[in-house]
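# how does the following fold in three dimensions:
(one chain, ligands or ions: 1)
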Amino acid sequence: MAKKNKKAAAPGEERMQKLVSLCKRRGYIFQSSEIYGGLNSCWDYGPLGVELKNNIKRNWWKAMVHSREDVVGLDSSVLMHPDIWQASGHVDGFTDPMVDCTKCRRRFREDDFEGDACPACGGELTEARQFNLMFKTFMGPLEDQASVVFLRPETAQGIYVNFLNVQTSSRKKVPFGIAQIGKAFRNEITPGNFIFRMREFEQMEMQYFIKPDSGREWLEYWKEQRMAWYVAQGVRADRLHFHEHGPDDLAHYARAAFDIEYDFPFGRKELEGIHDRTDFDLSRHQEHSGKKLTYIDPAANERFIPHIVETSAGVDRSLLVILADAYDEEELEKDTRVVLRLSPKLAPIKAAVFPLVKRDGMPEIARGIKDTLESHGMPVLYDEGGAVGRRYRRQDEAGTPYGITVDSDTLTDQTVTVRDRDSMAQERVAIDALHGYLTDRIESWTPAAG
Ligand code: GAP
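Just a heads-up that it's a prediction; the model follows:
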C-alpha cells in the first residue's frame, strides 16, 4: 500500500504543537476530562500552570488595585438576575453569525474565514444565522422559562450593577474604578487554538467611572497603562500592537475601542480590549431596574450618570501570550535546548536546588537551602533525580530561572553554584548570601533582546 505523505505543519502551527506538548509534559496545562476523551475547549491548569496563573492575576491586581488609590476590587457572583442580560444587550445582541457546511456538516463562525465556501472541504454553506453565545441553566427545582438564568459571559455587568454599593461604601469620587477577576462562559461556535478561545475562561476587568465627555482622555490613559503592564510582565514590546476598531466592528456599547493585539504563532490576534462605553451601561441598568444610578459631583454640585472606560483582559489569553513569548529553542553543540524564558517574577518556581550526589550530606544541605528560601516566601523545588545536566534541562523547560547545585566544595566552603537559566552562566555564591542574590536578580531581570 502506498504510504501517505504526512502534511508538514506550518512553522506557527509546529511552534504551537511544541508549546502544547511542553505544557502537558511539565504540568502547565492539560486537556479537560482527558481520560474520557477530552471536553473540547475546556482546559485544566496543572501544578505549574496554576502558579503561573495566580502570579499573573496577583500582578494585575497589584498594578490595577493595590498600587492605586482610585481603584477598588469586587468579586461578584457568576449567576445574576436574568434581567441584567436583557439590559446589557446580551440576550438580543450577544450573537455570532454561524454557517453550516451542507457537505461535511461542520459549523463555523462566518467572520472566521474569507470566501463563500466551507474552509474545511470547499462545500456549500448555509445562510448565516445568529447564534447566542450565553450558556443557560435553571435556578431552583423547576426547569421552566421563569427559572432560566445565564452563566455570565463577562464579569463587567457584575461591576455595573454594584456601582452604587461600591461607590457609597468606599466613598470614592469620580473618576474611580472597580476591578474584578473571575470566570466567564461563552458557548463559542469555533473555540480553538489551545487556550486562546475557550468556553470557560477567566477575565480581569476594570471599569473606570468618569465624568461625561472625558472618555477620549481616559481611553488614551488606560491604553498606555495596559500596554506598559504587558511589557512589565516580560512580553516583547515589538510583538504587541494597538488595533483601533472601525465603525463596522465597534461593539454595540462602545463609542471608541482599541484592542491590544499580540503576534501569536497563529497570527496577530486580540489580547485585551479597551473601550469607551459612554453612559450606555449605567443608563441601561437605570432604565431596566428602575433604580437611579446617578452620581453627584460634590465640587460642581452636578448630577450625572457616569461614563465608563473599560479595560478587559483574558487571564488565559495573557497566560498564553506569556508562554508563547517565553518559549525558545536554542541550538547547542550537540542538541537543542528548549527553554521557557519567563520573567522570574512570574515563574512558578524561582529556583531548583540539586545535590550533586545523594550522599556525603549534600541532600541535607540542599534541603536546608530550600527550607530557608521558602521561609522567605520563595517557591523552590528540590530535585535529586538523574544527572545534574538533565535536571537543569527539566527546569529550563519549566521556566525556573535559577538552578542551585550543592557539590563537594560546598562541604568545605559553604558556597554553591548558581546557574542562570537564560545564559547558562554559573557563579559561586555563599549559602548565606543566596536569598539576597536571588532577590536582586529576580527584581532586576529584563528580557533578552531579539
Ligand atoms: N467586557 C468586555 C468584554 O468582555 P471582550 O472583547 O468580549 O470584551 C475581553 O473580551 C477579553 O476576554 C478578550 O480580549 C480576551 O482576552 C478574553 N476572552 C474573550 N472571549 C474569550 C474566550 N472565548 N476564551 C478566552 N478568552 C476570551
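
# does any bit of stretch 305-314 sit next to the ligand?
Yes - Stretch 305-314 lies within reach of the ligand by CB under 6 Å from any ligand atom, at E310, S312, A313, G314. Where you see a C-beta, it was placed from the backbone N, CA and C, and this is true even at glycine.

# of all the residues in the protein, which one is nearest the ligand?
Residue of the chain nearest the ligand, by CB to the nearest ligand atom: G314 (2.5 Å).

# so that residue is in contact with E200, correct?
No - between G314 and E200 there is no contact under CB atoms under 8 Å: 11.7 Å.

# so for these two, which sits in the more crowded spot?
Taking other CB atoms under 10 Å, G314 and E200 do not tie; G314 has more neighbours (23 against 17).

# who's in contact with T126?
Taking CB atoms under 8 Å, 6 or more residues apart in numbering, we find T126 in contact with V99, D100, C101, T102.

# switch to 7 Å and redo it
Residues in contact with T126 (CB atoms under 7 Å, 6 or more residues apart in numbering) are V99, D100, T102.

# mind listing what the residue lying closest to R393 once chain neighbours are set aside touches?
Closest residue in space to R393, ignoring its immediate chain neighbours: R337 at 6.8 Å, by CB to CB, 6 or more residues apart in numbering. Residues near R337 by CB under 7 Å, 6+ apart: E330, R393, D396.

# equivalent analysis for M134, please.
Taking CB under 7 Å, 6+ apart as the criterion, M134 is in contact with W85, H90, F94, F150, P153, N187.

# wait, a strand at it?
No - counting by DSSP: H, G, I helix; E, B strand; the rest coil, M134 is not part of a strand but coil.

# what's the distance between it and P153?
Distance, M134 to P153, using CB to CB, to the nearest Å: 5 Å.

# what touches both of these two?
Applying CB under 7 Å, 6+ apart, one finds that M134 and P153 are jointly contacted by H90, F94.

# what does the stretch 151-300 of the chain put close to the ligand?
Taking CB under 6 Å from any ligand atom, the part of the stretch 151-300 of the chain that reaches the ligand is made up of 154, 156, 186, 188, 197-198, 201, 203, 205, 270-273.

# what is the nearest of the residues you listed to D44?
The closest of these to D44 turns out to be M198 (CB to CB; 11.3 Å).

# what's the residue nearest to that closest one when sequence neighbours are not counted in contact with, if anything?
Distances taken as CB to CB, 6+ apart place S41 nearest to M198, at 5.1 Å, with adjacent residues excluded. S41 makes contact with E188, P191, M198, R199, according to CB under 7 Å, 6+ apart.

# next one: phi and psi at S41?
Dihedral angles of S41 (phi, psi; degrees, to the nearest 10) stand at phi 80, psi 10.

# then S343?
phi -60, psi 130.

# equivalent analysis for V380, please.
Torsion angles, degrees, to the nearest 10, at V380: phi -130, psi 140.

# am I right that it is in contact with T372?
No - the criterion here is CB atoms under 7 Å, and V380 misses it with T372 at 9.1 Å.

# so for those two, which sits in the more crowded spot?
Using other CB under 10 Å as the criterion, V380 and T372 rank with V380 on top: 21 against 15.

# any idea how far that one lies from D407?
18 Å.

# for Y45, same thing?
In this structure, Y45 and D407 are 35 Å apart, going by CB to CB.

# and L48, how many neighbours?
Counted with other CB under 10 Å, residues neighbouring L48 total 21.

# low pLDDT regions in the protein?
Scanning the chain for pLDDT under 70 picks out the ranges 1-8, 449-450.

# do that again at 90, thanks
Confidence mapping of the chain against pLDDT under 90 gives the ranges 1-12, 93, 96, 107-116, 190-192, 213, 248-249, 251-253, 446-450.

# show me which residues of the helix of greatest length in it are buried.
Using DSSP state H to define each element, the chain has its longest helix at helix 215-232. Buried residues in helix 215-232, counted by 16 or more other CB atoms under 10 Å: G215, W218, L219, Y221, W222, K223, R226, M227, W229, Y230.

# whichever helix or strand comes after it to helix 215-232, inter-axis angle?
Going down the chain from helix 215-232, the next helix or strand is strand 240-244, by DSSP states H and E. Strand 240-244 and helix 215-232 meet at an angle of 160 degrees, taking axes from the mean of the first three to the mean of the last three CA atoms, to 10 degrees as the criterion.

# can I get strand 240-244 in CSV, CA atoms only?
Output of strand 240-244 as CSV, limited to C-alpha atoms (Å, rounded to 0.1, in the frame of the first residue of the first chain):
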residue,chain,number,x,y,z
LEU,A,240,2.4,43.9,20.9
HIS,A,241,0.2,46.3,18.9
PHE,A,242,-2.8,48.5,19.2
HIS,A,243,-5.7,48.0,16.8
GLU,A,244,-8.4,50.6,16.6
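
# partner strands of that strand and their direction?
strand 256-264 (antiparallel) (DSSP bridges).

# for the residue nearest the centre of the chain, which non-adjacent residue is closest in space?
The centroid of the chain falls nearest to V315 when counting by CA atoms, centre = their mean (2.4 Å). Of all residues not flanking V315 in the chain, E202 sits nearest, at 3.8 Å (CB to CB, 6+ apart).

# repeat for K292
Q286 (6.3 Å).

# which other helices and strands contact the host helix or strand of the one you found?
Assigned by DSSP H and E, Q286 belongs to helix 280-289. With contacts taken as 3 or more CB pairs under 7 Å, 6 or more residues apart in numbering; DSSP states H and E, helix 280-289 sits against helix 83-87, helix 156-160.
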